[in-house]
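K.L.:
Output the structure for:
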Amino acid sequence: MRSRNTSAQLEELEIGKPVTEAGADRQRAALDRVLEHMAETVGVQAELITRIALDCERRPESSAEKRRYPPALLVYAAAGRRVAAVTIGERSGSYLVELARVANRAATDVFFATPTIDMHRDWIGVVPAHLPDQAALVIAQHAGCNSES
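P.N.:
Below is the predicted model:
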């Protein structure tokens with residue numbers, strides 16, 4: 001299996017604006033719900049990334065300023081290729097599902113519009129916050145995987 005460089009994968013995602021600790025916890029819990037549904041999918045691997053930045057001088061101290069950034073769920077096919085990234089919309093709280101390298105592919109879910117340009121590109125769709133199973137389903141279908149159940 002090809003090794004993943006998580007740092008490089010994160011560079012492709014916008015880090016976003018800092019959020020409160022409570023906000024980061026809520027977003028991580030929402031991504032955990034997608035991750036629970038992804039666990040039922042054969043052929044994908046996922047990792048939940050929490051991003052924290054510390055501002056400190058020469059010696060880190062407990063009083064150093066800590067900023068939290070929105071977490072991200074990165075999803076890989078069995079071969080190690082990133083197939084999706086999921087974050088939480090800053091205002092809506094909805095799932096922002098970024099499908100890697102979509103090429104004029106018809107969407108399989110009512111929450112997505114069909115891409116109109118015939119070229120390879122990452123594509124972002126929005127899934128309502130109360131439907132984490134739909135976010136997982138869209139990712140699994142894009143990756144060409146099947147659910148165990």
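
K.L.:
What helix or strand is residue 27 located in?
P.N.:
For residue 27, the enclosing helix or strand under DSSP states H and E is helix 21-38.

K.L.:
So which elements touch that helix?
P.N.:
Applying 3 or more C-beta pairs under 8 Å, 6 or more residues apart in numbering; DSSP states H and E, we find helix 21-38 packed against strand 44-55, strand 65-77, strand 82-88, helix 132-143. (C-beta placed from N, C-alpha, C; glycine too.)

K.L.:
Switch those over to JSON lines; also include mean neighbour count, distance to residue 29 and mean pLDDT.
P.N.:
Converted to JSON lines, these look like this (neighbours: other C-beta atoms under 10 Å; distance: least, C-beta to C-beta, whole Å; pLDDT from 0 to 100):
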{"stretch": "strand 44-55", "mean neighbour count": "15", "distance to residue 29": "10", "mean pLDDT": "85"}
{"stretch": "strand 65-77", "mean neighbour count": "20", "distance to residue 29": "10", "mean pLDDT": "88"}
{"stretch": "strand 82-88", "mean neighbour count": "23", "distance to residue 29": "10", "mean pLDDT": "92"}
{"stretch": "helix 132-143", "mean neighbour count": "22", "distance to residue 29": "10", "mean pLDDT": "91"}
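
K.L.:
out of those, nearest to residue 96?
P.N.:
The minimum distance between residue 96 and the helices and strands packed on helix 21-38 falls on strand 82-88, with 4.9 Å, by C-beta to C-beta.

K.L.:
got a list of contacts for the closest one?
P.N.:
Contacts to strand 82-88, defined as C-beta atoms under 8 Å, 6 or more residues apart in numbering, come from residues 4, 9, 12-13, 16, 27, 30-31, 34, 44, 70-77, 94-100, 129, 135, 139, 142-143.

K.L.:
Stretch 24-33 now?
P.N.:
19, 48, 50, 68-73, 86-88, 93, 95, 129, 132.

K.L.:
would you put the C-alpha positions of that stretch in CSV?
P.N.:
Extracted in CSV, the C-alpha atoms of stretch 24-33 (Å, rounded to 0.1, in the frame of the first residue of the first chain):
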residue,chain,number,x,y,z
ALA,A,24,-14.1,22.1,17.6
ASP,A,25,-15.6,19.5,19.9
ARG,A,26,-19.0,19.8,18.3
GLN,A,27,-17.5,19.5,14.8
ARG,A,28,-15.4,16.5,15.8
ALA,A,29,-18.5,14.8,17.2
ALA,A,30,-20.4,15.5,14.0
LEU,A,31,-17.5,14.0,12.0
ASP,A,32,-17.4,11.0,14.4
ARG,A,33,-21.0,10.3,13.3
